[in-house]
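Colleague: next come a sequence and a model predicted from it.
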Amino acid sequence: MTTERERLTALARRIRTHTLRMVHKARASHVGSCFSMTDLLAVLYGAVLRVDPARPEWEDRDRFLLSKGHGAAAIYATLAECGFFPAERLDTYCQDGTALAGHITHYGIPGVEASSGSLGHGLSCACGMALAGKADARPYRVFCLLSDGECDEGSVWEAALFAPHRRLDNLVAVVDYNKIQSFGTVKEVLDLHPFADKWRAFGWAVREVDGHDVDATLAALRAVPFEAGKPSCVLAHTVKGKGVRFMEDKLEWHYRSPDAGQLASAVAEVGCGA
Amino acid sequence: MRTTFVETLCDVAARDERVWLLTADLGYSVLEPFRDRFPGRYVNVGVAEQNMIGVAAGLARCGKVVFVYSIANFPTFRCLEQIRVDVCYHECDVKVVSVGGGFAYGAQGYTHHGIEDLAILRTLPGMTVVAPGDPVETRLATHALAARPGPCYLRLGKAKEPVVHTSEPAFTIGEALVARPGRDLTLISTGGMLKETMTVAERLHETGVEARVLSMHTVKPLDMAAVLRAARETGGIITVEEHSVTGGLGSAVADVLATMGARPGFFRKYGVPDEVYHRVGSQEYMRVGLAGDLFEIVLPYVRRRRAA
């Protein structure tokens, strides 16, 4: 019998495989950013989010917002794997005249709650959705996935102040803390340490997890809200480019696109060559 | 205008429970009637305009019609990208309301001069841009914007603006109101310049010149037909706005004239020159100091016309 961990790990492998093929075909960047959050997406969409691909606009669905919009390839792959649209559509990623933009876009793509791409927008929008859910006494939760570099934006901290003040315990911020941003390490560019303490000080209930440990991530995301009356923050320690050794923890894979040889070896490594 | 706005919004909210009001901690002694009547649909987000727009967009994505309120440039420029991405990209029912358009806060300094907002907001796709000319138009515009789907911008004056419309006009977004008929020239006014424009038209009348006055409360979508009629039927056009001469009503009207090949007898933009002004003063002082005396500016065109 397949365990939940095996099921979610297999889902993550398929997401990584799609992502590699998409960025290779499109000669697109951000594969490293996709891979640090792939296991988070697999856990969220595979076991946590109450969503229904047959009814993407279902009123009581959980909302998921990808605030680090440059991870678009991985979220499109996830949505396709979960049945929101046919996987063949992934071949159109970044192609002329198609909808699947390099930064996540909602228009014409079932399952995408909101477009982003400019950083620091998602958490505010998620706050508004959570506030509406509270006002209307709806059961849905709102999950927002942020990058670490994104937390340089002041707007993130405006939202971080707002959510605890409004007691939005139906809101979950998941931070993909891969320690690398655009021009170097987070420590070098604009240090976020002590990152968890910052969220706590703003009034969030925080749990730190290894974002590639499927069991640990699942346990944390299933335990929300961590405290009644407080928004939850899952600070996921991750590795940029996770899953492909030559990409792991490498700044350059924020930008580079795998060539044919790199694609073959990477696909072999993520283990879903079919 | 701001009091009229809030009273009207209360009326709208009483009939439509989707209507919310957000403020970035401004509106003291103005917004309380809404807060007290609809506490569950009123949020003071604190001094955080970027978050205010994002929260508004999130609410709107869940079926709400959200008015956001602040003064001068704070609900527009401070959070312009949130308006572009969170609101316009998603075609959200978010209505951005700015109090203190133009020089309503003239003495408060450059930070509080709202004189580029029309230009910037009208470039955003799908954005309706409205600047009512008096409290009557403010009431009608508030009703109209609440009922209009998609992103909207409402530029208001502040307090104690004179009533211009003595009877209720037939107000439609995107249709200019003929505030005064005339054929010798047309003065096209937007926002709080309407009263001053009407006064100038009255003074012209005393010299035997009949100026048509259009209240162009909607800067986008602009009433092209009214502009072309003015070019065709009257001697020339002067646009009047408490706003930079770059990109606002004057530019929008010039666009129409140029692209439609219309040739008015003359065309002049009355507005604020493209410079940072370091002196402060009352609204009237700032208007005349920067844009000049409207009557004095109009007069040479009238004289030249007579001589011709």
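Modeller: Happy to help now that I have it. Numbering: from 1, shown residues only, chains lettered A, B, ... in the order given.

Colleague: give me the spatial nearest neighbour of B:G106, chain neighbours excluded.
Modeller: Distances taken as Cβ to Cβ, 6 or more residues apart in numbering or on different chains place B:M286 nearest to B:G106, at 4.0 Å, with adjacent residues excluded. Every C-beta, even on glycine, is put in place using the N, C-alpha and C of the backbone.

Colleague: so the one you found makes contact with B:Q108?
Modeller: No: taking contacts as Cβ atoms under 8 Å, B:M286 lies outside contact range of B:Q108: 10.6 Å.

Colleague: out of these two, which sits in the busier spot?
Modeller: B:M286 (23 against 14; other Cβ atoms under 10 Å in any protein chain shown).

Colleague: check contacts around the more buried one.
Modeller: By Cβ atoms under 8 Å, 6 or more residues apart in numbering or on different chains, B:M286 lies in contact with B:103, B:106, B:113, B:277, B:280.

Colleague: can you dump the C-alpha coordinates of whatever helix or strand it lives in into PDB?
Modeller: Using DSSP states H and E, B:M286 falls within helix B:283-286. Extracted in PDB, the C-alpha atoms of helix B:283-286 (Å, rounded to 0.1, in the frame of the first residue of the first chain):
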ATOM      1  CA  GLN B 283      -6.600  76.800  -2.700                       C
ATOM      2  CA  GLU B 284      -7.400  80.100  -4.500                       C
ATOM      3  CA  TYR B 285      -3.900  81.400  -4.000                       C
ATOM      4  CA  MET B 286      -2.400  78.300  -5.400                       C
END
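
Colleague: buried residues, it. List them.
Modeller: Of the residues in helix B:283-286, B:283, B:286 count as buried by neighbour count, 16 or more other Cβ atoms under 10 Å in any protein chain shown.

Colleague: what does the most centrally placed residue in chain B show for phi and psi?
Modeller: By Cα atoms, centre = their mean, chain B has its centre lying nearest to B:A131, at 1.7 Å. Backbone torsions for B:A131, taken as degrees, to the nearest 10, come to phi -130, psi 90.

Colleague: my guess is it contacts B:M193, does it?
Modeller: No: applying Cβ under 8 Å as the test, B:A131 and B:M193 come out as separate, 9.1 Å apart.

Colleague: low pLDDT regions in the chain?
Modeller: All of this is about chain A. Chain A contains residues with pLDDT under 70 at A:272-274.

Colleague: meant chain B, my bad for not saying
Modeller: Ranges of chain B meeting pLDDT under 70: B:308.

Colleague: contacts for stretch A:147-162, please.
Modeller: So stretch A:147-162 is contacted by A:33, A:67-68, A:71, A:119-121, A:123-124, A:126-127, A:146, A:173, A:175-182, A:186, A:189-190, A:192, A:195, A:199, A:202-204, B:45-46, B:48, B:50-51, B:54-55, B:82 (Cβ under 8 Å, 6+ apart).

Colleague: which of these are buried? Put it as a ChimeraX command.
Modeller: Burial among the contacts of stretch A:147-162 is assessed by 16+ other Cβ under 10 Å; the matching ChimeraX selection reads:
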select /A:33,67,68,71,119,120,121,123,124,126,127,146,173,175,176,177,178,179,180,181,186,192,195,199,202,203,204 /B:45,48,50,51,54,55,82
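
Colleague: please flag which of the contacts of stretch A:147-162 sit within strands.
Modeller: A:146, A:173, A:175-177, A:180-181 (DSSP state E).

Colleague: could I get these as CSV with distance to B:F74?
Modeller: Compiled in CSV, these are given as follows (distance: Cβ to Cβ, whole Å):
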residue, distance to B:F74
A:L146, 25
A:A173, 26
A:V175, 29
A:D176, 32
A:Y177, 33
A:I180, 35
A:Q181, 29
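
Colleague: tell me the SS of A:Q95?
Modeller: Three-state call for A:Q95 (DSSP: H, G, I helix; E, B strand; the rest coil): coil.

Colleague: on that earlier part again, now the residue nearest to the centre of chain B. Nearest residue, chain neighbours left out?
Modeller: Closest to B:A131 by Cβ to Cβ, 6+ apart is B:G191, at 3.5 Å.

Colleague: next, count neighbours for that neighbour.
Modeller: For B:G191, using other Cβ under 10 Å, the count is 32.

Colleague: isn't it right up against B:E241?
Modeller: Yes: in this structure B:G191 lies within contact range of B:E241 using Cβ under 8 Å: 6.4 Å.

Colleague: overlap in contacts, the two.
Modeller: Counting by Cβ under 8 Å, 6+ apart, the residues touching both B:G191 and B:E241 are B:G102.

Colleague: now the residue nearest to B:D223 when sequence neighbours are not counted: how far from chain A?
Modeller: Nearest residue to B:D223, sequence neighbours excluded (Cβ to Cβ, 6+ apart): B:A176, at 4.3 Å. Using Cβ to the nearest Cβ, to the nearest Å, we find B:A176 at a distance of 33 Å from chain A.

Colleague: which residues does the residue nearest to the centre of chain B contact?
Modeller: B:101, B:118, B:154-156, B:190-192, B:217, B:219.

Colleague: just send those back as TSV, with distance to A:L131 and secondary structure too.
Modeller: Below are these laid out as TSV (distance: Cβ to Cβ, whole Å; DSSP: H, G, I helix; E, B strand; the rest coil):
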residue	distance to A:L131	secondary structure
B:G101	29	coil
B:L118	31	helix
B:L154	22	strand
B:R155	27	strand
B:L156	26	strand
B:T190	34	coil
B:G191	32	helix
B:G192	34	helix
B:H217	32	coil
B:V219	31	strand
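
Colleague: follow-up on the earlier one: count the neighbours of the residue nearest to B:D223 for me.
Modeller: Residues near B:A176, counting by other Cβ under 10 Å, number 24.

Colleague: the one 4 residues further on too?
Modeller: A total of 20 residues lie near B:R180 under the criterion other Cβ under 10 Å.

Colleague: quick one: contacts for it?
Modeller: Contacts of B:R180 (Cβ under 8 Å, 6+ apart): B:198, B:201, B:211-213.

Colleague: in contact with residue 141, which residues?
Modeller: If you meant another chain, say so; for now it's chain A. So A:R141 contacts A:50, A:62-63, A:130, A:133, A:170-172, A:224 (Cβ under 8 Å, 6+ apart).

Colleague: switch to chain B, please.
Modeller: B:130, B:132, B:154, B:171, B:173, B:217.

Colleague: the first one reaches B:H217, doesn't it?
Modeller: Right, B:V130. Yes: the criterion here is Cβ under 8 Å, and B:V130 meets it with B:H217 at 5.8 Å.

Colleague: in the stretch 51-200 of chain A, mark out all the helices, start to finish.
Modeller: Applying DSSP state H, counting those that start in this stretch to the stretch 51-200 of chain A gives helices spanning A:72-81, A:122-135, A:154-165, A:186-189, A:195-202.

Colleague: next, count neighbours for B:R148.
Modeller: Neighbour count for B:R148, taken as other Cβ under 10 Å: 17.

Colleague: ramachandran coordinates for the residue in the stretch 151-300 of chain B positioned nearest to chain A?
Modeller: Of all residues in the stretch 151-300 of chain B, the one sitting closest to chain A is B:P151 (14.5 Å; Cβ to the nearest Cβ). Backbone torsions of B:P151, given as degrees, to the nearest 10, read phi -70, psi 140.

Colleague: that one: neighbour count?
Modeller: 27.

Colleague: would you confirm that it contacts B:V87?
Modeller: Yes: counting by Cβ under 8 Å, B:P151 does reach B:V87; the two are 4.9 Å apart.

Colleague: next SSE after the helix holding B:M286?
Modeller: Next element after helix B:283-286 (DSSP H and E): helix B:294-307.

Colleague: tell me how far that following helix lies from the chain's centre.
Modeller: Distance of helix B:294-307 from its chain centroid, counting by Cα atoms, centre = their mean, to the nearest Å, is 26 Å.
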